[in-house]
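Participant: Build me a model from this:
(one chain, ligands or ions: 2)
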Amino acid sequence: MISAYPGTAVRAAEQPLLDAGAGPELMQKAAYGLYRAAAGLLLRRRGRIYGSKTVVLAGAGNNGGDALYAASRLLARGSSSTAVLTAEDVHSAALAAFRGRGGKVLTLTEENTGTVLALCRSSDLVLDGILGTGGKGGLRAPAAGLAVLEPARLRRGQAPAVVACDLPSGISADTGAAPGAFLRADLTVTFGAPKTGLMAGPGAEAAGQIECVDIGLSTHLEAPGIQRLEAADIAGLLTVPAPGDHKYSRGVLGIAAGSAAYPGAAVLATGAALATGVGMVRFLGPEPVRRLINLQHPEAVCAESAVAQTHVQAWVAGPGAGQDEDQRQRAVDAMASGLPAVIDADAISAVVSSLGPQVILTPHAGELTALLTNLGKSTDRAAVEADPLSHVRRAADLTGATVLLKGWATLVAAPGGPVYSQAEATPWLATAGSGDTLSGILGALLATDSAGPGGPGHYARLAAAAASIHGRAGALSALEGPVEASRLPAAIRRVLAGFLQS
Ligand SMILES: NC(=O)C1=CN([C@@H]2O[C@H](COP(=O)(O)OP(=O)(O)OC[C@H]3O[C@@H](n4cnc5c(N)ncnc54)[C@H](OP(=O)(O)O)[C@@H]3O)[C@@H](O)[C@H]2O)[C@@H](O)CC1
Ligand SMILES: [K+]
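Facilitator: Residues are numbered from 1 along each chain as shown. Ligands and ions are numbered 1, 2, ... in the order given. Prediction:
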């Protein structure tokens, strides 16, 4: 499990060490970790550090100090380096060390921004030390002009690797929001602990890979703001059939999905649930959809019954339900049943407050906007996308349900906390039907969940596990070309087989 902390909490944890005079030592530890990561990246990209070209973007604070000290170490290994100062005063000792190793220095202005961008683009590595946890708001002029710099991962062909020092400059270390211009990185080397701002919203996308350097703060940190499940955590949440199990004891999932207008969503949700592993799927829906389900998935037991007459351990309701009134009623009944229930897509508009954490809502940003607005907290999609962490927390607290907000980093908030973030997905997963498969995976995990409610955040952990399995399946599928939702079940099986063998 990876635990992330708000920038403010990391600063508070640093304070006793700073008071004890350990500031310079902490900075050297941070700079050494940054240097190691940057050197590793250079070695992977060009085989050696000697002869490489680096640019350090250095702002007014200690973040710039870290970056300058790290670049000094690269200079000692034969890299040529230019420091671009984005503030009048930068960390004087770090700048002196950088100059002492033969580094060149220039000051960024509006006039030379184009030249600096060209310098960055012709280099092998850019170290972003403009702003760290002391940053307020987005990048200011003239540094804001550097925000167009694209990291290597977003450019085909020659481009420098961009390494962010502690966090991408311009991103809120607490929320991941981007109040203005910000820089994107290929790798963020973060100090003491990952910041929550690296795991949510624009910050999660801007950070690229995340590497954490231990500078000895862990004993001073309290409750994390966001957690991320790793493979071992997910493997521990999966229930495998035991000798003596039968289809009912393994867990039956009820799926109320699809409509005459959108029959495919039901097929995708059912296929993903079967690939994740359940004792049985009981499918409820109108006749054309039932026929399609039975053609594609003969093992599913189909009926047109009501929720109350259907014996299952968990529900999925909503994918492809469209305006079908019977499906909407089933979603309402599933939410009221007390059983774990995934409520997706059109069914989210039937959500009321006073739900329990066993109800898991799975909106995208647009659906979350509509949900919050329906609940009297009017907002717009741009605000949700700019700061998804605050909005997903608000939705969980208002509804009492667990809320999974789909995105680059999928966020899952349990009412009152905790929050999980999973970022295994590939942009190729942004395709029709992808969300239906996520519902199916999560439904299967809920139906077969042998651990039961198990304390606060249990359902959020299962939802985070489903997001991770879905993301990994998408990434695996993308290795063979553009992702089609109907091919995801095969990839889901391979991902789960990997978890179960490890
Ligand atoms: N503390 C430690 O021991 C350790 C800290 N470490 C490192 O230090 C970093 C935190 O350092 P920090 O506190 O100096 O803050 P940092 O973000 O570098 O700069 C703040 C400066 O920028 C200015 N400024 C603010 N917003 C701005 C904006 N939008 N645009 C332009 N300027 C802006 C602000 O001035 P202000 O406007 O507030 O007057 C102030 O002058 C942390 O992320 C980690 O990298 C590690 O070495 C481990 C040990
Ligand atoms: K930075």
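Participant: What count of nearby residues applies to Arg290?
Facilitator: 19 (other C-beta atoms under 10 Å). (Each C-beta comes from the backbone N, C-alpha and C, glycine too.)
Participant: wait, isn't it in contact with Cys302?
Facilitator: Yes - if you go by C-beta atoms under 8 Å, Arg290 and Cys302 touch, sitting 4.1 Å apart.
Participant: hey, what's in contact with both of the two?
Facilitator: Common neighbours of Arg290 and Cys302 are listed as Phe283 (criterion: C-beta atoms under 8 Å, 6 or more residues apart in numbering).
Participant: From ligand 2, how far out is the residue of the stretch 301-450 of the chain found nearest ligand 1?
Facilitator: Nearest residue of the stretch 301-450 of the chain to ligand 1 (C-beta to the nearest ligand atom) works out as Ala386 at 16.2 Å. Distance of Ala386 to ligand 2, computed by C-beta to the ion, to the nearest Å: 19 Å.
Participant: Apart from its chain neighbours, what residue comes closest to that residue?
Facilitator: Spatial nearest neighbour of Ala386, excluding adjacent residues (C-beta to C-beta, 6 or more residues apart in numbering): Ala177 at 5.5 Å.
Participant: show me where the stretch 351-500 of the chain has strands.
Facilitator: If DSSP state E, counting those that start in this stretch is used as the criterion, the strands of the stretch 351-500 of the chain fall at 359-362, 402-405, 410-413, 419-422.
Participant: Can you say which of the ones you listed is nearest to ligand 2?
Facilitator: Nearest to ligand 2 among the strands of the stretch 351-500 of the chain is strand 419-422; the distance by C-beta to the ion comes to 20.0 Å.
Participant: Dump that closest one to CSV, restricted to CA.
Facilitator: Written as CSV, here are the backbone C-alpha positions of strand 419-422 (Å, rounded to 0.1, in the frame of the first residue of the first chain):
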residue,chain,number,x,y,z
VAL,A,419,-9.8,7.8,-0.1
TYR,A,420,-8.0,5.5,-2.6
SER,A,421,-6.4,6.4,-5.9
GLN,A,422,-5.5,3.9,-8.6
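Participant: Check what contacts it and list those residues.
Facilitator: Applying C-beta under 8 Å, 6+ apart, the external contacts of strand 419-422 come out as 4, 199-200, 204, 225-229, 389, 392-393, 409-413, 457, 460-461, 463-464, 467-468, 471.
Participant: Quick one: the helices in the stretch 1-150 of the chain, in order.
Facilitator: Assigned by DSSP state H, counting those that start in this stretch, the stretch 1-150 of the chain shows helices spanning 7-19, 23-46, 62-76, 92-100, 113-121.
Participant: Excluding chain neighbours, what is closest to the residue most central in space within the chain?
Facilitator: Taking C-alpha atoms, centre = their mean as the criterion, Ala409 is the residue nearest the geometric centre of the chain, at 2.1 Å. The shortest distance from Ala409 to any non-neighbouring residue, by C-beta to C-beta, 6+ apart, is to Ala204 (3.6 Å).
Participant: what's the neighbour count on Ala173?
Facilitator: 27.
Participant: any idea what sits nearest it, other than its immediate chain neighbours?
Facilitator: Nearest to Ala173 is Gly7, by C-beta to C-beta, 6+ apart, at 2.5 Å.
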